[in-house]
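Trainee: Got a sequence here, can you build the structure:
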Amino acid sequence: MAMNHHLHEKLIALTSERNVMVNEHLRNHTYTRLGGQADFYVTPETYEQVQQIIKLANQENIAFTMLGNGSNLIVKDGGIRGIVMNLQKLSAIKTDSNMIIAQSGARIIDVSREALKEELTGLEFACGIPGSVGGALYMNAGAYGGEIKDVLTSTLVVNREGELLTLTAEQLDLDYRTSNIPDRGYIVLEATFTLKAGDPKAIKEVMDDLTYKRESKQPLEYPSCGSVFKRPPGHFAGKLIQDSDLQGKQIGGAQVSLKHAGFIVNKDHATAKEYIELIQYVQKAVKEKFNVNLEREVRIIGEDSVK
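Mentor: Purely as a prediction, here's the structure:
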């Protein structure tokens, strides 16, 4: 796609040349290793830069997409037009008595490790979640019986107009793998978690146990988007897929994992198109066999390839 030089110069002026990439391959920034190019891939270093980039996108009427660390996401082969913003450079984590304040770009795993270091309990469940703090709030991430809404107190966000807002956890309508962040167009800048003092030995034991469970059950040897489907009421997605004899089913380079049926892995240079086709194939097969609708947990964004 032809470069918009005017927009390029303005983005560099707002942040700096090192924070603006042109026609950047998004497969370099997603866990599935899928995805076409972003016209502009921007990594701001301050909250003010985030606000200014959003205001610029509004003024120029340019499409704007927020990308977390790409763990629960499929970017289509045609890539994403306009500005894609990633907050990986905003990743500070600090502790204030029993509260941890973490910036959006920090990994939620690192926040759980910080909690252990500070002898605080409540975030053990997050020790195996690969997402960023921003992404974890976006989808109220959870695992092993815990979820973000159990420990989140407040958050600092930027709205669609580029204004800063401090919101309580209640104001995010956090529910099973969902929040109002996407509908309201909020961009999370930081999150405050309130935890309880705990016994570091006991906290570490729980985290070691959960890490073992994750590593022994999940197919971490291949790129994947993590758990593809939400848990259907009264069922487990992985079991339904397994009982539909879909383990090992492959479309192109995408495969239903042999290790855990709830995962689809990029086994051999899959395209996003193949990956999405396999997701739809699984949904259809489970619906036909068990009459259960598997709802996607993974987000799919971007444009189809024109090729």
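Trainee: Only the C-alpha atoms, please, for stretch 24-44, written as CSV.
Mentor: Only the C-alpha atoms of stretch 24-44 are listed here, as CSV (Å, rounded to 0.1, in the frame of the first residue of the first chain):
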residue,chain,number,x,y,z
GLU,A,24,5.3,-3.8,9.5
HIS,A,25,4.5,-7.5,9.4
LEU,A,26,2.1,-8.3,12.2
ARG,A,27,3.0,-11.9,12.2
ASN,A,28,6.1,-10.7,14.1
HIS,A,29,3.8,-9.4,16.9
THR,A,30,1.2,-12.2,17.3
TYR,A,31,1.5,-15.5,19.2
THR,A,32,0.0,-17.4,16.2
ARG,A,33,2.7,-16.0,13.9
LEU,A,34,-0.1,-15.0,11.5
GLY,A,35,-1.1,-11.7,9.9
GLY,A,36,-0.4,-9.3,7.1
GLN,A,37,1.1,-5.8,7.3
ALA,A,38,0.1,-2.8,9.4
ASP,A,39,0.3,0.5,7.4
PHE,A,40,1.8,2.2,10.5
TYR,A,41,2.9,0.3,13.6
VAL,A,42,3.4,2.7,16.5
THR,A,43,4.8,2.1,19.9
PRO,A,44,4.4,5.2,22.1
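Trainee: Let the chain start at 421 from now.
Mentor: Sure, I'll start numbering at 421, so the last one becomes stretch 444-464.
Trainee: Setting the sequence-adjacent residues aside, check what's closest to residue 529.
Mentor: residue 547 (6.1 Å; CB to CB, 6 or more residues apart in numbering). (Each C-beta comes from the backbone N, C-alpha and C, glycine too.)
Trainee: if I pick the one you found, what's in contact with it?
Mentor: Applying CB atoms under 8 Å, 6 or more residues apart in numbering to residue 547 gives the contacts 529, 532, 533, 627, 630, 631.
Trainee: Touching, the fourth one and residue 532? I think so.
Mentor: It refers to residue 627. Yes. Here residue 627 reaches residue 532: they are 6.9 Å apart, a contact under CB atoms under 8 Å.
Trainee: picking that back up, taking the contacts of residue 547, tell me the two that lie furthest apart.
Mentor: Maximum pairwise distance among the contacts of residue 547 (CB to CB): 12.5 Å, between 533 and 630.
Trainee: Looking at these two, which one has more neighbours?
Mentor: The residue with more neighbours, out of residue 533 and residue 630 and counting by other CB atoms under 10 Å, is residue 630; that gives 21 against 16.
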